[in-house]
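Need coordinates for the following:
(4 chains)
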There are 2 protein chains.
Amino acid sequence: MTAVRTRAARGEGDRLRDEVLEAAEQLLVEAGSTLGVSMRQIADCVGVTAPALYLHFDDKDELFFEVCMRRFGEFHEYLLAAVDGLDDPAERLAALGRAYVEYGLRHPRQYEVLFVDKKELAFEGRDDIEELPGYRAMQLLVDTITDGIERGVFRRVDPWVCAVDLWAQTHGLVLTITTLNEGDTPFPPVDEQQVIDLSMERTLHGLLT
Amino acid sequence: MTAVRTRAARGEGDRLRDEVLEAAEQLLVEAGSTLGVSMRQIADCVGVTAPALYLHFDDKDELFFEVCMRRFGEFHEYLLAAVDGLDDPAERLAALGRAYVEYGLRHPRQYEVLFVDKKELAFEGRDDIEELPGYRAMQLLVDTITDGIERGVFRRVDPWVCAVDLWAQTHGLVLTITTLNEGDTPFPPVDEQQVIDLSMERTLHGLLT
DNA sequence: ACTGTTAACTTAACGCCGTTCACTCACCCG
DNA sequence: CGGGTGAGTGAACGGCGTTAAGTTAACAGT
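You can find the predicted model right below:
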């Protein structure tokens, strides 16, 4: 790579910041994990030396966290859009699950960084907890379940317990389907849509009154 | 730590091997991930220098893979024992799920190494694929589902697709419950048993004819 | 046009990592 | 009691994330 760069002008220090995030994401997708991408590689890729990155990011973790937050910043909006216009809680729940899995499968590397590798980084000491991809999604899930129960559509379950269960299921689907369909697995690949369809169908059958 | 060690006698090179595995597991559990444990730490812990480890293990990955395989070597037997004596496919399926989650929650760090971090290491180039913790568990799952369908207890679903779905659910449960109940999460903790109970109940309701 | 200031970088280095290679022990067999 | 060899050491390599100090170039003010 080793791009040639002209030094940024006085007020334009943030130009580098953007280029770094872009290069880092590309390298992350290629390498498969943040461990396979070094600060020196990223710097090299944008035509700069490694210490220059620390003018814009505290450390490597923060850099990659921001890379992935860019992709998942619109996550909550995507989920909201998926249930928009749907009134029936069952339909809303299924749409929510589908959208969640779909979004995760579309950017598996970024999903893993945010929801597996660096989840603790996402939690600790953040003032904008609500901005985390998962936090609002979870609220949405709990609300939908509660609504369904109040309207007599769902059985009387503990909404928080049920939300954790459903989260676990969709989270597991993203990770499992990704693993099965891209790695050198001893298992056969699986049709994404079939699994998702079955999963949502099972979920509803298990919850409806 | 820095244990004092007397050099092993002629035939007893394997003594070190055992001590290393034990120390590595302890350090893994303390540190929370293999990244937080260095070869030098492990060596120091058993009173030896780092290169000595390479007399017994190819590299760090293999070392930790073996650490975790020791814990999960009996995984399949544990699952078998859980369904032993149960005839009804529904009961068997629920017992299988419970046992899986229970085992994962009991050794979360080792579970993560085997089923998340080093899963690719587990797959590629192994001649003993069947010995992998997950492989036989998956077979057991598919068999149980198939049996249930043939006996008219379960709805007619694709056994492989359904197995992937159920795997995803239990896998997700292990990871999610572990995260919620040990980390500094913005979410409240959750009662393990309640989630597992609800999950298994939902699963059966969704599958039974 | 010149100069001083300062934002935007570079160079050099630190300590740690996984891993390799050459070497030295100390035990056991004959 | 000597030779062979299995068990382990010491030093080093290249790479990593990160820091501290130095350098360069764009601008504001005169």
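
what does the one helix or strand in chain A whose mean pLDDT sits lowest contact?
Using mean pLDDT, DSSP states H and E, the weakest-scoring helix or strand in chain A turns out to be helix A:119-123, at a mean of 75. Under the criterion Cβ atoms under 8 Å, 6 or more residues apart in numbering or on different chains, residues A:61-62, A:65, A:114, A:129, A:132, A:134, B:179, B:183-186 lie in contact with helix A:119-123. For every residue, glycine as well, the C-beta is placed using N, CA and C.

Would you enumerate the residues in contact with residue A:65?
A:113-114, A:118, A:121-122.

Check residue A:41 too.
By Cβ under 8 Å, 6+ apart, residue A:41 lies in contact with residue A:27.

so where is chain A shaky, pLDDT-wise?
Judged by pLDDT under 70, chain A has its weakly predicted residues at A:1-4, A:8-13, A:125-127.

can you do 80?
A:1-14, A:118, A:120-131, A:133, A:183-184 (pLDDT under 80).

from the contacts of helix A:119-123, which ones fall inside helices?
Judged by DSSP state H, the contacts of helix A:119-123 include A:61-62, A:65, A:134, B:179 as members of helices.

Of these, just say which sits nearest to DNA strand C.
The closest of the ones in helices among the contacts of helix A:119-123 to DNA strand C turns out to be residue A:61 (Cβ to the nearest atom of the strand; 15.4 Å).

nearest spatial neighbour of that closest one, skipping sequence neighbours?
residue A:121 (5.3 Å; Cβ to Cβ, 6 or more residues apart in numbering or on different chains).

gap between that neighbour and chain B?
11 Å (Cβ to the nearest Cβ, to the nearest Å).

And the helices in chain A, which stretches?
Assigned by DSSP H, the helices in chain A fall at A:13-31, A:39-46, A:60-72, A:75-83, A:89-106, A:108-112, A:119-123, A:133-150, A:159-182, A:192-207.

could those go into a markdown table alongside distance to DNA strand C?
Supplementary listing: those in a markdown table, determined by distance: least, Cβ to the nearest atom of the strand, whole Å:
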| stretch | distance to DNA strand C |
| --- | --- |
| helix A:13-31 | 2 |
| helix A:39-46 | 7 |
| helix A:60-72 | 12 |
| helix A:75-83 | 30 |
| helix A:89-106 | 30 |
| helix A:108-112 | 21 |
| helix A:119-123 | 19 |
| helix A:133-150 | 29 |
| helix A:159-182 | 23 |
| helix A:192-207 | 34 |
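
and those helices, which is most packed in?
helix A:159-182 (a mean of 23; mean count of other Cβ atoms under 10 Å in any protein chain shown).

just checking, what packs against that helix?
In terms of contact count using 3 or more Cβ pairs under 8 Å, 6 or more residues apart in numbering or on different chains; DSSP states H and E, helix A:159-182 is assigned the packing partners helix A:89-106, helix A:108-112, helix A:133-150, helix A:192-207, helix B:159-182, helix B:192-207.

and the angle for it with helix A:192-207?
Inter-element angle recorded for helix A:159-182 and helix A:192-207: 160 degrees (by axes from the mean of the first three to the mean of the last three Cα atoms, to 10 degrees).

how far out from the middle of the chain is helix A:159-182?
For helix A:159-182, the gap between its own C-alpha mean and the chain's C-alpha mean amounts to 12 Å (Cα atoms, centre = their mean, to the nearest Å).

got the angle for it vs helix A:89-106?
Computed by the same axes, to 10 degrees, the angle between helix A:159-182 and helix A:89-106 is 40 degrees.

Helix A:159-182 to helix A:133-150, inter-axis angle?
130 degrees.

would you put the C-alpha positions of helix A:159-182 in PDB?
Written as PDB, here are the backbone C-alpha positions of helix A:159-182 (Å, rounded to 0.1, in the frame of the first residue of the first chain):
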ATOM      1  CA  PRO A 159     -39.800  -9.600  29.700                       C
ATOM      2  CA  TRP A 160     -36.200  -9.200  30.700                       C
ATOM      3  CA  VAL A 161     -35.600 -12.900  31.000                       C
ATOM      4  CA  CYS A 162     -37.200 -13.400  27.600                       C
ATOM      5  CA  ALA A 163     -35.300 -10.600  26.000                       C
ATOM      6  CA  VAL A 164     -32.000 -12.200  27.200                       C
ATOM      7  CA  ASP A 165     -33.100 -15.500  25.700                       C
ATOM      8  CA  LEU A 166     -34.100 -14.000  22.400                       C
ATOM      9  CA  TRP A 167     -30.900 -11.900  22.300                       C
ATOM     10  CA  ALA A 168     -28.900 -15.000  22.900                       C
ATOM     11  CA  GLN A 169     -30.600 -16.700  20.100                       C
ATOM     12  CA  THR A 170     -30.100 -14.000  17.500                       C
ATOM     13  CA  HIS A 171     -26.600 -13.300  18.700                       C
ATOM     14  CA  GLY A 172     -25.800 -17.000  18.400                       C
ATOM     15  CA  LEU A 173     -27.300 -17.100  14.900                       C
ATOM     16  CA  VAL A 174     -25.000 -14.400  13.700                       C
ATOM     17  CA  LEU A 175     -21.900 -16.100  15.100                       C
ATOM     18  CA  THR A 176     -22.900 -19.600  14.100                       C
ATOM     19  CA  ILE A 177     -24.000 -18.800  10.500                       C
ATOM     20  CA  THR A 178     -20.900 -16.700  10.000                       C
ATOM     21  CA  THR A 179     -18.700 -19.500  11.200                       C
ATOM     22  CA  LEU A 180     -20.400 -22.200   9.200                       C
ATOM     23  CA  ASN A 181     -20.500 -20.400   6.000                       C
ATOM     24  CA  GLU A 182     -17.100 -18.900   5.700                       C
END
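
Lovely, talk soon.
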